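Asker: Sequence first, then the predicted structure:
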Amino acid sequence: MTETRSTCPYCGVGCGVIIESQGEQITRVRGDPDHPANFGRLCTKGSTLHLTASSAVTRQTRLLQPMRREHRHEAPKRVSWDSALDFASASFARIIGEHGPDAVGFYISGQLLTEDYYAFNKLAKGLIATNNIDSNSRLCMSSAVAGYKQTLGADAPPACYDDIKHAQCLFIVGSNTAFAHPILFRRIEDARAANPALKIIVCDPRRTDTAEIADLYLPIQPGTDVMLFNGMLHLMLWEGWLDAAWMAAHTSGFDALKATVRDYTPELVAQTCGISKQDLLAAARMFATSPATLSLYCQGLNQSSSGTAKNAALINLHLATAQIGKPGAGPLSLTGQPNAMGGREVGGMANLLSAHRDLANPDHRAEVAALWGVPSVPEKPGKTAVEMFQAAADGQIKALWIACTNPAQSMPDQALVRRALQRAELVIVQEAFATTASCDWADLLLPATTWGEKTGTVTNSERRISRVRPAVAAPGQARHDWAIAVDFARRLEKRLPPRSASTLFPYSLSDAAAGAEALWNEHRESTRGRDLDITGMSYALLEQSPLQWPLPEGQTTGKARLYEDGIFPTADGRARFVNTVYQPVAEPRESRFPFSLTTGRLRDQWHGMSRTGTLGRLFGHVAEPSVQMNAQDMARRQLQEGDLVHLTSRRGSIVVKVEASSEVAPSQAFMAMHWGGEYLSGLSSIGQPLAGVNALTTSAYCPSSKQPELKHAAVKILKAELPWSLLAMAWLPEGEALAAREQLKALMTAFPFSSCVPFSNNAPLGEPGGERTGLLFRAAAHEAPAAQTLALLEQILGLDGAYVLRYADRKKGQHRTMRLLRQGEHVELAGFVLAGDTSAQAWISALLKDALPAQAYGRLLLLPGAKPPLEIMEAMKKRGQLVCSCMNVSDTAIDECLRSRASQPDTDESRLAALQTTLKCGTRCGSCVPELKRRVRCARSDAADTGAAALSMIPIRQPI
């Protein structure tokens with residue numbers, strides 16, 4: 001067994017991992033106890049990384065050789081690397097020759113390593129001479145970048161993770177940290193436990209698990225953050241809570257902002273934001289009067305048509321109260337992707353250059369041109385993400401190169417994105433997984449390495465650079481992303497007019513480690529003298545420990561927090577207040593679209609789920625796509641839990657299940673960002689395939705950051721009248737389930753609504769041989785489909801063999817298929833199809849998922865109706881909803897354990913400890929701990945209510 005230290009490929013916390021491998025197979029992963037980001041902890045996603053890298057997953061989902069489509073919509077065929085890259089370089093050279101360098105565009109990813117980013121940036125801006133290179137970080141962090149630069153002078157988060165334990169007030173805004181950054185949330189829990197006086201304010205339209213830890217929860221209306229922050233500043237001015245001396249010494253521009261915020265009265269702010277004046281005052285007091293206030297924020301601020309203003313308005317509060325440059329204080333943006341920071345550092349976006357240089361600055365362009373040895377760097381701004389796909393849809397951009405991202409799922413306004421992919425003359429997709437929606441549009445598919453195989457570096461949210469190391473060799477013909485870019489660039493150099501006397505890409509392709517290090521060393525040199533100077537670092541030092549920037553040559557440690565001296569990287573050394581003016585959302589609610597739809601993350605899934613979606617166990621917490629509504633709104637519209645609804649915006653419509661949620665306020669709705677067309681689909685009334693949640697979101701963007709408003713869209717929600725329904729579930733062999741899901745994708749557009757997701761028995765993590773994987777296929781239509789459609793479905797799910805029971809009534813559209821599996825004396829249900837009448841789905845799916853004895857139910861399985869056998873009903877009550885994915889613990893088991901201790905005078909902490917001791921929930925990765933704590937508090941409240949009710953029934957002795 002070999003151990004390799006590396007970094008998790010998910011969120012921007014940047015957790016260290018230790019990969020265990022045997023031969024060419026990754027067998028286990030655990031947290032690195034020496035890594036300063038996580039100290040050994042991992043969330044549900046990180047702790048299952050080894051399962052996503054299994055040989056079965058690789059064989060079924062990975063892109064393992066270059067593939068080319070001769071014609072669109074045909075199946076791709078294998079080609080050699082030489083053939084693929086010669087075709088790509090010849091095509092790019094032709095398009096550039098005919099239409100100019102701006103006729104091509106690169107859309108890359110915050111999941112790339114810094115070395116990958118650097119190679120692509122040099123390829124576009126140095127060789128081709130176009131700035132049409134942008135990243136999916138545009139959808140993630142560009143408003144945070146613009147906000148930092150406008151106020152503090154540089155894209156440099158000034159605080160660090162260690163500040164959480166020093167803070168006396170935490171202001172968490174626009175971030176469900178408990179789900180999006182679970183390991184950082186563990187630090188918040190630790191800080192609260194160590195310092196019970198710590199005040200926590202959570203500001204979010206949804207009452208998420210993060211809000212449950214708050215001393216003050218502000219349920220503001222979507223998009224009203226600037227109004228809130230300006231209102232808080234108004235009160236700080238009124239109450240005299242500003243640090244005037246520090247402001248005079250270290251800032252500029254406050255007078256204009258002061259004049260603006262005078263109009264942001266408590267009455268106006270309370271009315272606009274939907275909160276009370278008392279809570280507004282409490283938030284302002286906590287923030288301003290705390291000895292140290294730390295703000296943590298993410299997509300709720302960034303993904304907005306006012307994203308830069310929201311970021312700047314929050315930083316204004318820190319500058320006005322001197323809550324910056326000291327332990328426990330400062331504005332710390334939480335990065336959404338593992339290396340969005342690294343991409344910003346190398347200038348891998350349309351408006352940036354290497355080492356935080358600005359494209360608009362001629363001196364900066366000259367510096368980069370000199371570093372690269374080219375005559376010049378183009379000055380015309382490149383197309384940002386939304387603009388790039390708009391230009392492709394309009395025919396201006398002829399070739400799109402997409403690397404390590406899935407715009408056919410993640411970009412807003414999917415109708416526009418798909419028009420762009422269809423109209424482009426050439427679409428190249430460089431991917432590790434062949435299962436993403438974007439692969440379906442590619443003329444050329446290039447197989448890339450992924451986690452466990454890559455070598456290079458990433459930078460996390462606190463400016464800490466970590467090494468990513470390979471534990472196993474690349475499968476098939478997959479290559480490193482930077483190596484693909486370099487090989488292509490060398491071929492393209494020969495076809496374009498020379499830009500340099502020698503190659504611009506002198507990096508070894510035969511020695512991956514040497515090639516990656518050479519790229520990084522060149523990037524390192526570009527930072528000399530800049531705010532992010534890393535000339536004191538080296539691969540050798542990073543091998544010993546992750547390091548924070550800046551760390552210039554001659555120093556041995558980086559800076560944990562910035563601006564402690566009150567000097568900022570601006571022309572006069574002062575931080576700048578920005579005169580932020582509130583603007584409403586780009587698409588306000590109105591009578592035709594009366595709901596505010598917001599999107600966000602699930603606890604156990606990540607982005608488009610190309611990796612997390614390979615594990616049925618990660619669907620245990622949230623099993624299927626749904627839109628959440630407030631129960632009052634559902635009652636007014638006569639919607640029941642599980643009904644199908646048309647969810648419609650001005651750009652498109654999808655069909656999805658609805659469920660009630662106490663987290664969602666009236667007139668709002670929530671849907672997870674992960675549900676793309678790979679998992680949720682169907683066919684529209686005009687014959688167009690449905691594209692998932694981003695068919696609805698708007699591409700309206702912030703004018704400063706160009707980041708789209710993914711967090712808000714005005715929608716209407718109407719019940720879908722689709723009387724014929726279908727549910728199919730089946731256990732499948734480990735090596736076949738994901739391949740079967742790919743086959744089922746072709747069936748998803750045979751119905752007006754369909755969804756297809758893996759599921760699992762969620763055996764406790766680490767239990768050898770206990771894991772089982774299955775597929776769940778759900779559909780609905782106006783009438784029953786052709787018999788061939790159901791036959792194909794059964795064939796894919798393995799329901800066409802022996803031991804199969806069947807019932808069909810074609811006239812009534814009824815169809816049932818049950819596959820029974822005998823193992824000795826035990827007979828269990830291995831798969832089924834319910835079509836037409838699906839009212840028995842609850843108990844039949846429980847029979848299958850819990851592997852209950854099925855030999856007594858043969859005839860009953862084929863009868864219509866919903867009533868379950870008594871013993872199945874009892875099993876269903878015990879089963880409940882999964883809470884702990886690692887240890888397979890349900891809410892019913894948790895509630896039962898808490899009820900058993902209801903009479904004991906326990907504290908919340910002791911009840912939580914009892915749960916962890918008895919059921920083992922929350923003892924492995926800890927991602928479920930916020931939900932466990934919420935259930936403990938709810939159980940205490942319920943017990944108190946029951947006790948009060950019982951007390952009220954005791955007769956009171958009347959005086960004589």
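Answerer: That came in fine, so what should we check first?

Asker: what's the burial count for Lys380?
Answerer: Lys380: 11 surrounding residues under other CB atoms under 10 Å. No exception for glycine: its C-beta is placed from N, CA and C like everyone else's.

Asker: now it, what's its secondary structure?
Answerer: The assignment at Lys380 comes out as coil when based on DSSP: H, G, I helix; E, B strand; the rest coil.

Asker: so it makes contact with Asn131?
Answerer: Yes: using CB atoms under 8 Å, Lys380 is in contact with Asn131, at 6.4 Å.

Asker: In the protein, where is pLDDT below threshold?
Answerer: 768, 941-960 (pLDDT under 70).

Asker: Just want the most central residue of it.
Answerer: In the chain, the C-alpha nearest the mean C-alpha coordinate belongs to His607, at 3.8 Å (CA atoms, centre = their mean).

Asker: can you count the residues close to the nearest residue to Glu587 once chain neighbours are set aside?
Answerer: Leaving out its chain neighbours, the residue that sits closest to Glu587 by CB to CB, 6 or more residues apart in numbering is Ala714, at 4.5 Å. Using other CB under 10 Å, Ala714 has 21 neighbouring residues.

Asker: Would you confirm that Ala714 contacts Arg651?
Answerer: No: judged on CB under 8 Å, Ala714 makes no contact with Arg651 at a distance of 10.6 Å.

Asker: does the residue nearest to the centre of the chain count as helix, strand or coil?
Answerer: Taken by three-state DSSP, the conformation at His607 corresponds to coil.

Asker: just checking, Val578 touches Asn316?
Answerer: Yes: if you go by CB under 8 Å, Val578 and Asn316 touch, sitting 6.5 Å apart.

Asker: between those two, who's got more neighbours?
Answerer: Per other CB under 10 Å, whichever of Val578 and Asn316 has more neighbours is Asn316, with 29 against 20.

Asker: So for Val578 and Asn316, which residues contact both of them?
Answerer: Listed as contacting both Val578 and Asn316 by CB atoms under 8 Å, 6 or more residues apart in numbering are Thr151, Leu257.

Asker: ok so, going back, so how far is Thr697 from the residue nearest to Glu587?
Answerer: 11 Å (CB to CB, to the nearest Å).

Asker: any residues in contact with both of these two?
Answerer: Leu597, Ser649.

Asker: sorry, back to before: shared neighbours, Lys380 and Asn131?
Answerer: With CB under 8 Å, 6+ apart, Lys380 and Asn131 have no common neighbours.

Asker: Cys169: how many residues sit nearby?
Answerer: Neighbour count for Cys169, taken as other CB under 10 Å: 26.

Asker: bridging residues for it?
Answerer: Cys169 has these beta-bridge partners by DSSP bridges: Lys199, Thr293.

Asker: residues in contact with stretch 744-752?
Answerer: Here stretch 744-752 makes contact (CB under 8 Å, 6+ apart) with 655, 678, 681-685, 689, 720, 722, 726, 754-756, 775, 777, 779-782, 785, 789, 792-793, 796.

Asker: whoops, I mixed them up, stretch 681-690
Answerer: Contacts with stretch 681-690, where a contact means CB under 8 Å, 6+ apart, come from 652-655, 677, 680, 691-692, 745, 748-756, 779.

Asker: make it 7 Å
Answerer: Ser653, Ile654, Val655, Gly677, Met748, Thr749, Phe751, Pro752, Phe753, Ser754 (CB atoms under 7 Å, 6 or more residues apart in numbering).

Asker: Pick the one among the residues you listed closest to Leu123.
Answerer: Nearest to Leu123, judged by CB to CB, of those is Gly677 at 30.1 Å.
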